[in-house]
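Engineer: Attaching a predicted model along with its sequence, questions to come.
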Amino acid sequence: MCIDTSSFITLIKMTRFVAVLVFLLTIISPASSEPKCCMLNKWEGLVYFGIGAVDKQNSSGIPGSDKTDLYITNGTVHVSYDQDNGLTYIGFDRYTRSVQSPPERSRGSLITNYKTKFQYLVYENGTCERSQLTDNMTVYCASDFLKNDNFPMGRIVGATPVTNIEVLPGSFFSSIYTTTYQDGAHCMPLYLAIVNNWPGSDGAGAGGADVLDIKEGISDPSVFTPPPNCSKQISEKSKDPVFLWLSSFFG
């Protein structure tokens, strides 16, 4: 597949955005802890997000030049999460405003199959790229993370059991805060806040997301089936180091 310069820049921004969402929705659970309060095994929901970022890049979208771009991305994400079968689906509708580029809207989906070890990024125009996974599926377990004493703890409208938790996952994400709703043995995210640095560049960003309309079960299992045109590996032109890192991060 051949993509022009503008499409490539869009791809870089889109994959960063998808990487953030995938990580927020599948935060790594430490193997040494016995989970006490985790997500439902199968659930669907909507995520309303907003992410602002600053990035130095040249005309090909490669970070590291003296050209600074400021942009904000917001939109809606449909999530289907099936831990039992090792499947996730993220369908996004995104709108981006940038200092250096005209406003743009993009739609697409990310399908991940942890049993076959493949992930599919499907673009709005119907094209699709496939990448191979090396990691196992992870589970969001609120009890595995330390509560931050400096972050407000409390209840929403006085009755909903809510816990605010700080997550420090490593070099890419500087800090993640999540407000979690506990319903019996299950903990589901209600709000996610993130402050992060892009690896190997001068870029950084911050944003938040509301998780709403969570329902147990999967209403349409067909969302996990990739289109038949996903047989090819990621194209040579897409093999920028940043894109490869982000693609591997999807796992």
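Structural biologist: Ah, there it is. Numbering: from 1, shown residues only.

Engineer: Which residues lie in contact with Lys42 in this structure?
Structural biologist: Shown in contact with Lys42 (CB atoms under 8 Å, 6 or more residues apart in numbering): Tyr81, Asp82, Gln83, Asp84, Glu216, Gly217, Ile218. Where C-beta positions appear, they are placed from N, C-alpha and C, glycine not excepted.

Engineer: Can you give me the neighbour number for the third one?
Structural biologist: Read it as Gln83. Using other CB atoms under 10 Å, Gln83 is surrounded by 19 other residues.

Engineer: Would you check that it makes contact with Thr112?
Structural biologist: No: using CB atoms under 8 Å, Gln83 makes no contact with Thr112, being 11.8 Å away.

Engineer: residue ranges with poor pLDDT in the stretch 101-250 of the chain?
Structural biologist: Where the stretch 101-250 of the chain drops to pLDDT under 70, the residues are 138-177, 184, 196-203, 231-250.

Engineer: Tell me which stretches of it form helices.
Structural biologist: For the stretch 101-250 of the chain, the helices defined by DSSP state H, counting those that start in this stretch cover 241-249.

Engineer: on that earlier part again, among the contacts of Lys42, which ones are in strands?
Structural biologist: Judged by DSSP state E, strands contain the following of the contacts of Lys42: Tyr81, Asp82, Glu216.

Engineer: Save those residues as a markdown table, and put in neighbour count and distance to Pro103 too.
Structural biologist: What follows is the ones in strands among the contacts of Lys42, written out as a markdown table (neighbours: other CB atoms under 10 Å; distance: CB to CB, whole Å):
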| residue | neighbour count | distance to Pro103 |
| --- | --- | --- |
| Tyr81 | 23 | 31 |
| Asp82 | 21 | 35 |
| Glu216 | 11 | 37 |
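
Engineer: Strands of the stretch 101-250 of the chain, start to end?
Structural biologist: Using DSSP state E, counting those that start in this stretch, the strands of the stretch 101-250 of the chain run over 104-113, 118-123, 128-132, 154-156, 160-167, 173-183, 186-197, 204-216.

Engineer: Okay, and the beta partners of Gln182?
Structural biologist: Counting by DSSP bridges, Gln182 is bridged to Cys187.

Engineer: ok, now how distant is it from Leu133?
Structural biologist: 30 Å (CB to CB, to the nearest Å).

Engineer: who has more neighbours, these two?
Structural biologist: Shown here are Gln182 and Leu133; by other CB under 10 Å, Leu133 has more neighbours (19 against 15).

Engineer: does the closest residue to Gly52 other than its chain neighbours sit in a helix, a strand or a coil?
Structural biologist: Excluding its sequence neighbours, the residue lying closest to Gly52 (CB to CB, 6 or more residues apart in numbering) is Ile72, at 4.4 Å. Secondary structure state of Ile72, per DSSP: H, G, I helix; E, B strand; the rest coil, is strand.
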